[in-house]
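> Got a predicted structure here, sequence first:
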Amino acid sequence: MTTPSGSARLGDFLKARRAQLTPRDVGLPETGTRRKVAGLRRTEVAQLAAISVEYYTRLEQGRVQASATVLATLARALLLDDDQQTYLYDLAGKADARPRRRRTVQRVRPAIRRLLDQLTETPAIVLGKRLDILGWNTAATALYVDFAQVAPARRNYVHLMFTEPAFRALHPHWQHDARVAVSALRMEAATDPEDPELARLVGELSVQNGDFRTWWVEHRVTSAGFGTKNYRHPLVGDLTLDCDTWLSPDGSGQRLMVLTAEPGTPSRDALDILLSWNAEHSAAER
């Protein structure tokens, strides 16, 4: 029994990967007609990778070797994550031409950490790159979820919006709020389009959620630093809070998001009740 060559195994991998994707996944219009193949057609992959159909066909058939440039375009076209890209280059017997970047750990600046701790009557969180949630105060835990119980890799505002039922249920106008969150993430992507963590986040949410896929390919963007947010909390009901965001001046990209309510309003009263209940609940657990 002969062992398949690297070119043949590369072809098998390409066929398997395109079978896992739909036109919607990669931003292509769906015609509504019945498709004869599972996933993407060869013509669609060739179109996305800007290569000829004939050349791509020969790649899948193991009749031609791909250059590093073609591998890079195929990786983007087929939405490959880091591990899949490494596997792709290994099968092709090519050196991985992707720039290697050391993953930097985001940490809340000490001054912002102190400010968070001093904001005892209003929810506040620190957002980093990709809208990662880097820090929060007790009031934010009372309003949203206990971020400490969320795995660090999942502690991202957009990820929680689409995957955490309790977080999603807080938003009575979820579709609007989630779409704004995607637009904000799109704005983030423009500052570092080659960020592998961003690619992993987008790839995961694109596979898991059809709304995210649709809104991501629309390329809507927003950088709004203030506005109004509506919440429906299971303990205190509806709250309307003013949201203001301040960008750190140190170039780290960290932002402090603070949610406040006008004194004397039902939302302020509800927030006070929520904070009081949270303090009593925390004390009881000690």
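The structure has been received and is ready for your questions. Residues are numbered from 1 along each chain as shown.
> In the chain, which helix is the longest?
If you go by DSSP state H, the chain has its longest helix at helix 266-285.
> How much space separates C243 from L115?
As defined by CB to CB, to the nearest Å, C243 lies at a distance of 16 Å from L115. Just so you know, the C-beta spots here come from the backbone N, C-alpha and C atoms, and that holds for glycine as well.
> ok, back up a step: what does the longest helix of the chain contact?
121-123, 138-139, 141-143, 233, 235-241, 261-262 (CB atoms under 8 Å, 6 or more residues apart in numbering).
> Which of those residues are buried? Put it as a ChimeraX command.
Buried members of these can be picked out in ChimeraX with the line below, counting by 16 or more other CB atoms under 10 Å:
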select :122,123,138,139,141,142,143,233,236,239,241,261
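> any idea of the pLDDT on T31?
T31 is assigned a pLDDT of 65 by the prediction.
> and F226, backbone torsions?
phi -160, psi 170 (degrees, to the nearest 10).
> Now do the SS call for the most centrally placed residue in the chain.
The residue lying closest to the centre of the chain (CA atoms, centre = their mean) is L201, at 3.9 Å. Following DSSP: H, G, I helix; E, B strand; the rest coil, L201 is assigned to helix.
> same deal with the one 5 residues further on?
Assigned with three-state DSSP, S206 falls in the helix class.
> residues contacting it?
By CB under 8 Å, 6+ apart, the neighbours of S206 are 25, 79, 212-213, 216.
> Sketch out the low-pLDDT regions of the stretch 1-150 of the chain for me.
1-6, 30-33, 95-104 (pLDDT under 70).
> all helices of it, in order?
Ranges of helices in the stretch 1-150 of the chain, per DSSP state H, counting those that start in this stretch, are 6-19, 42-49, 53-60, 68-77, 82-92, 110-118, 138-143.
> right, so those helices: which one is the most enclosed?
Comparing the helices of the stretch 1-150 of the chain by mean neighbour count (mean count of other CB atoms under 10 Å), helix 138-143 comes out on top with a mean of 21.
> related to what we said a few turns ago, please flag which of the contacts of helix 266-285 sit within strands.
Within those, residues falling in strands by DSSP state E are 233, 237-241.
> hang on, D250 is in a strand, isn't it?
No: read with three-state DSSP, D250 is coil and lies in no strand.
> these two touch, right, it and R109?
Yes: assessed by CB atoms under 8 Å, D250 is found in contact with R109 at 6.6 Å.
> picking up where we left off before, with distance to P29 added, can I get the helices of the stretch 1-150 of the chain in CSV?
Listed next are these as CSV, based on distance: least, CB to CB, whole Å:
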stretch, distance to P29
helix 6-19, 17
helix 42-49, 11
helix 53-60, 19
helix 68-77, 16
helix 82-92, 25
helix 110-118, 44
helix 138-143, 40
